[in-house]
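A.B. asks: Turn this into a model:
(one chain, ligands or ions: 1)
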Amino acid sequence: MNYHQYFPVDVINGPGTRASLFVSGCEHQCRGCYNQSTWKPCSGHEFDIAMQERVLSDLKDTRIKRKGLSLSGGDPLHPANVASILALVKRVKAECPDKDIWLWSGYLLDELADAQRAVIEYIDVLVDGKFEQELADPSLVFHGSSNQVIHYLT
Ligand code: SF4
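C.D. replies: Below is the predicted model:
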């Protein structure tokens, strides 16, 4: 898996102070996408074991207490990303059980393949659905268009 950006301290993407990872790879091609540079799975930088360690280390850092981890992109549930995301969320839940995980995906919860659903087992909140430009509403919190649904899973 590749990623485009990692913010070790983020107060915009999800509730509270968080760490946020924006991965590469998205096949939804939403009109008006704010992040087209992430569409190619090979774009950005490799999310290697050192980056995985960095995310875990930041979540464990007691100097800046983070509420959790936000995973966006791109699409964390793109088939090219599922294995790496699953490994990451498993580690977060095992080593930082008090942290919540939010994940944004263009795939719908009801339509996920088994491999994607395995990731969902470890996350707390899924924001699903493509960005629909006709339904865009800047007043919405944590999603861009009104078709997208915030699923509180835990
Ligand atoms: S799901 Fe997100 S990243 Fe992918 S095309 Fe739609 S708006 Fe862009």
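
A.B. asks: So which elements touch the longest helix seen in the chain?
C.D. replies: Counting residues, the longest helix in the chain under DSSP state H turns out to be helix 82-95. For helix 82-95, the packing partners by 3 or more C-beta pairs under 8 Å, 6 or more residues apart in numbering; DSSP states H and E come out as helix 49-60, strand 68-72, strand 100-105, helix 114-120. All C-beta spots, glycine's among them, are computed from the backbone N, C-alpha and C.

A.B. asks: Tell me which helix or strand comes right after the longest strand seen in the chain.
C.D. replies: In the chain, assigned by DSSP state E, the strand with the most residues is strand 2-10. Scanning the chain past strand 2-10 towards its C-terminal end, the next helix or strand to appear is strand 18-23 (assignment: DSSP states H and E).

A.B. asks: Could you point out the helix or strand that follows that next one?
C.D. replies: Beyond strand 18-23 in the direction of the C-terminus, DSSP H and E gives the next helix or strand as strand 45-46.

A.B. asks: Which positions in the chain make contact with the ligand?
C.D. replies: Residues of the chain found near the ligand (C-beta under 6 Å from any ligand atom) are 26, 28-30, 33, 35, 38, 73-75, 106, 130-131.

A.B. asks: So for stretch 90-108, first residue to last residue, what's the gap.
C.D. replies: Taking C-alpha to C-alpha, to the nearest Å as the measure, stretch 90-108 stretches 22 Å from start to finish.

A.B. asks: could we number from 42 for the rest of this?
C.D. replies: Shifting the count to begin at 42 puts that one at stretch 131-149.

A.B. asks: Find the nearest non-adjacent residue to the residue positioned nearest the centre of the chain, please.
C.D. replies: Per C-alpha atoms, centre = their mean, the C-alpha nearest to the average position across the chain is that of L112, at 1.7 Å. By the measure of C-beta to C-beta, 6 or more residues apart in numbering, the closest residue to L112 outside its immediate chain neighbours is L144, 4.5 Å from it.

A.B. asks: Could you double-check that that neighbour sits in contact with V160?
C.D. replies: Yes. Assessed by C-beta atoms under 8 Å, L144 is found in contact with V160 at 7.3 Å.

A.B. asks: any shared contact partners between the two?
C.D. replies: With contacts defined as C-beta atoms under 8 Å, 6 or more residues apart in numbering, the residues adjacent to both L144 and V160 are 117-118, 126.
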